[in-house]
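Engineer: Below are the sequence and a predicted model; questions follow.
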Amino acid sequence: MCALLTIATLGCKQVNEQWEKVKAKIEAARQRTKPAPPTPPQPAPAEPQPVAKPPEITKPGARAPRTHAQAPELPRVSRDVPYNSPDTGTIDPGMHEKDVYSLWGPPMAVRRQGDMTFIYYQNGCEYTCGTADVVFLQSGQVVDAVLRWPGHRYSGQSSSPVATPPHGPARPGGDTLTVKSPSTP
């Protein structure tokens with residue numbers, strides 16, 4: 001019975017067409033992932049001929065394909081490394097990005113997201129503080145800074161001043177976590 005059903009369906013024109021489409025898709029996927037073979041250098045043409053390119057026709061409201069921005073990886077630290085730099089000074093709210101660079105020198109990393117820019121500088125306590133010094137810019141102007149190195153100063157009101165104590169009273173014995181084992185049925 002199964003043999004008759006197999007023979008009957010394999011002879012069907014629609015099944016064969018579908019099978020060819022599947023094979024073509026598989027082959028196309030293999031070609032996309034296969035590295036391109038190196039091409040031998042081509043001799044330059046004697047005279048390049050100008051080619052008229054037709055104007056691009058765009059649909060109203062059509063958007064360009066969106067690419068995902070990849071942020072640079074910040075170096076991971078496992079201990080604090082002393083930091084000393086001749087580039088010191090005070091940044092002010094409203095300063096431009098190039099003004100920060102001219103005052104503190106090149107940063108260790110820069111990240112951009114929309115109209116926000118985050119400039120990271122070493123501070124010597126990246127491990128214990130949990131972050132590098134960060135300058136926040138919105139639309140190209142300084143709006144905030146989180147600073148821990150004494151040579152970096154911010155004249156505005158920081159969202160994370162150095163002297164902020166931990167919230168709540170100290171707990172004797174520190175924080176404890178008790179995990180109860182799940183009850184067995």
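Structural biologist: Cool, got the structure.

Engineer: which residues of the chain fall in strands?
Structural biologist: 89-91, 109-113, 116-121, 133-138, 141-146, 152-154 (DSSP state E).

Engineer: Now the last one: buried residues?
Structural biologist: By neighbour count on 16 or more other C-beta atoms under 10 Å, the buried set for strand 152-154 is 152, 154. Every C-beta, even on glycine, is put in place using the N, C-alpha and C of the backbone.

Engineer: Could you give the average pLDDT over that strand?
Structural biologist: The pLDDT scores in strand 152-154 average 86.

Engineer: Give me the residues contacting it.
Structural biologist: 88-92, 104, 121, 123, 133, 135, 142, 144-145, 147 (C-beta atoms under 8 Å, 6 or more residues apart in numbering).

Engineer: again, only this time at 10 Å
Structural biologist: Here strand 152-154 makes contact (C-beta atoms under 10 Å, 6 or more residues apart in numbering) with 85, 87-93, 95, 100, 103-104, 121-123, 133, 135, 142, 144-147, 161.

Engineer: Also the third one?
Structural biologist: If you take C-beta under 10 Å, 6+ apart as the criterion, strand 116-121 is touched by 71-72, 74-75, 83, 85, 87, 91, 97, 100-101, 104-112, 126, 131-143, 145, 147-149, 151-152.

Engineer: Would you write a PyMOL line that selects the buried entries of those residues?
Structural biologist: Those of the contacts of strand 116-121 that count as buried under 16+ other C-beta under 10 Å are selected in PyMOL with:
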select buried, resi 83+91+97+100+104+107+110+126+132+133+134+135+136+137+142+145+147+148+149+151+152
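
Engineer: Endpoint to endpoint, stretch 90-100 covers what distance?
Structural biologist: One end of stretch 90-100 to the other measures 9 Å (C-alpha to C-alpha, to the nearest Å).

Engineer: mind listing what's buried in it?
Structural biologist: So, applying 16+ other C-beta under 10 Å, buried residues of stretch 90-100: 91, 95, 97, 100.
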